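In: What would the 3D arrangement of this be:
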Amino acid sequence: MDVNARSSPSFQTEINWDKLDKTKFYLVGAGIFSGLTVALYPISVVKTRLQVADHYAAEKNAFSVFRGILRTDGIPGLYRGFATVVTGTIPVRIIYLTALETTKVAALKMVEPFKLSEPAQAAIANGAGGLVASLCSQSVFVPVDVVSQRLMVQGYSGHANYSGGFDVARKILKSEGIRGLYRGFGLSAITYAPSGAVWWGSYGSSQRFIWRHLFGSDQSQHAPTEGMIVAVQAAGGIIAGATASCITTPFDTIKTRLQVMGHGDNKPTARQVVKQLIAEDGWTGLYRGLGPRFFSMSAWGTSMILAYEYLKRLCASND
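Out: Residues are numbered from 1 along each chain as shown. Have a look, this model is predicted:
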């Protein structure tokens, strides 16, 4: 049984990886996901500013940060670093999606002999896929993340100004070498690998749970409508985003601060960042930006999964 298929051909809700036209999948996918990035990028800017703000910053919540950006920089301020992100994430997504789907297939074959329930199999296979995909894509993603986040916070709360992504990369390489582009790599892996595992695991298992709740154990007699499939996928995306954001926000906050604060001998360590956050706001300081991150992961996750599933249907080969 494939983790992406129901117990009957009439109940197939996803397209298997081996049934996709890969060239069309990558080309069309680049356009679709770039469009989603345009829509959701401002949320990332607001989240990042909240995470790096000091205790005395006037802007204490997401709305005030959003309003402050519009007041000082207008709409362009919400898209600082966007060109770097949209260009850099194309190869990241190719690596990510390929690793995700191939790992899901391999993981499912490994767990089949254990005769687990379908939601459990889906959680393990999807979770393994998300974990491996996140780890494989970090080598490209982290430098893009470092550069884009410096652009997001430039001129804010004492942070340096840059003329663009290449200027950020040049200055980092000059002052810190190649290691500077990989600041926070370990925390990125700790953040995104479990986040990917939790997100995809939650998405896979919640989908199966919802289908089983709707149709019971005998699913072969039912054929869901297109609207029902989309609704269940959207619900799975919301559940997955909520779960992953609550678990991984502290790691994301620490990682963001490490990547944008200090330089040379003034670079803070992870322990120093944690101490400073706790000293300023208590343990809740580790959850700075939780609201925007929660909304971002839920909105991005739901939009992404609906676009992703649509993309797979669109790119299904006729073989």
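
In: buried ones in the helix or strand in which residue 51 is found?
Out: Using DSSP states H and E, residue 51 maps to helix 22-52. Buried residues in helix 22-52, counted by 16 or more other CB atoms under 10 Å: 25-26, 29-30, 32-33, 36-37, 41-52. For glycine as for every other residue, the C-beta is placed from the backbone atoms N, C-alpha and C.

In: Show me the helices in this protein, by range?
Out: 22-52, 62-73, 82-111, 118-153, 165-176, 185-215, 226-260, 270-281, 290-314 (DSSP state H).

In: Would you tell me which of the ones you listed gets closest to residue 159?
Out: helix 118-153 (4.7 Å; CB to CB).

In: what comes up buried for the closest one?
Out: For helix 118-153, using 16+ other CB under 10 Å, the buried residues are 118-138, 140-153.

In: If you count contacts, what does that helix end up packed against?
Out: Packed against helix 118-153 by the contact rule (3 or more CB pairs under 8 Å, 6 or more residues apart in numbering; DSSP states H and E) you find helix 22-52, helix 82-111, helix 165-176, helix 185-215, helix 226-260.

In: The fourth one to helix 82-111, inter-axis angle?
Out: Regarding helix 185-215 and helix 82-111, their directions subtend 60 degrees when assessed with axes from the mean of the first three to the mean of the last three CA atoms, to 10 degrees.

In: Just the mean pLDDT for helix 185-215, thanks.
Out: If you average the pLDDT over helix 185-215, you get 85.

In: Taking their axis directions, that helix and helix 270-281 sit at what angle?
Out: With the same axes, to 10 degrees defining the directions, helix 185-215 sits at 70 degrees from helix 270-281.

In: list the helices and strands helix 185-215 packs on?
Out: helix 118-153, helix 226-260, helix 290-314.

In: tell me the angle the first one makes with helix 82-111.
Out: Put simply, helix 118-153 runs at 160 degrees to helix 82-111, going by the same axes, to 10 degrees.

In: Centre of the chain to helix 118-153, how far?
Out: Remark: helix 118-153 is offset 6 Å from the chain centroid, using CA atoms, centre = their mean, to the nearest Å.

In: Low-confidence stretches in the stretch 201-319 of the chain?
Out: 216-222, 262-266, 318-319 (pLDDT under 70).

In: In stretch 96-110, which residues are buried?
Out: 96-101, 103-105, 107-108.

In: returning to what we had before: just send the helices and strands packed on helix 118-153 back as a markdown table, with distance to residue 278 too.
Out: Below are those laid out as a markdown table (distance: least, CB to CB, whole Å):
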| stretch | distance to residue 278 |
| --- | --- |
| helix 22-52 | 14 |
| helix 82-111 | 30 |
| helix 165-176 | 27 |
| helix 185-215 | 17 |
| helix 226-260 | 11 |
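
In: Ok, which of these comes nearest residue 300?
Out: Closest approach to residue 300 among the helices and strands packed on helix 118-153 (CB to CB): helix 22-52, 5.1 Å.

In: name the helices or strands packed onto the closest one?
Out: Helix 22-52 packs on helix 62-73, helix 82-111, helix 118-153, helix 226-260, helix 290-314, going by 3+ CB pairs under 8 Å, 6+ apart.

In: Can you get me a residue count around residue 64?
Out: As a burial measure, residue 64 scores 14 neighbours (other CB atoms under 10 Å).

In: Does residue 182 touch residue 142 like I think?
Out: Yes. Residue 182 is within contact range of residue 142, at 5.4 Å (criterion: CB atoms under 8 Å).

In: Below-threshold pLDDT in the stretch 1-150 of the chain: ranges please.
Out: Flagging of the stretch 1-150 of the chain using pLDDT under 70 yields the residue ranges 1-14, 54-60.

In: burial measure for residue 177, as a count.
Out: Residues near residue 177, counting by other CB under 10 Å, number 10.

In: show me what contacts residue 181?
Out: Contact analysis of residue 181 by CB atoms under 8 Å, 6 or more residues apart in numbering lists 142-143, 146-147, 169, 172-173.

In: Now with 7 Å, please.
Out: 143, 146, 169, 172 (CB atoms under 7 Å, 6 or more residues apart in numbering).

In: Need the residues you listed in CSV (columns: distance to residue 79).
Out: As requested, the contacts of residue 181 are exported to CSV (distance: CB to CB, whole Å):
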residue, distance to residue 79
143, 20
146, 18
169, 19
172, 21
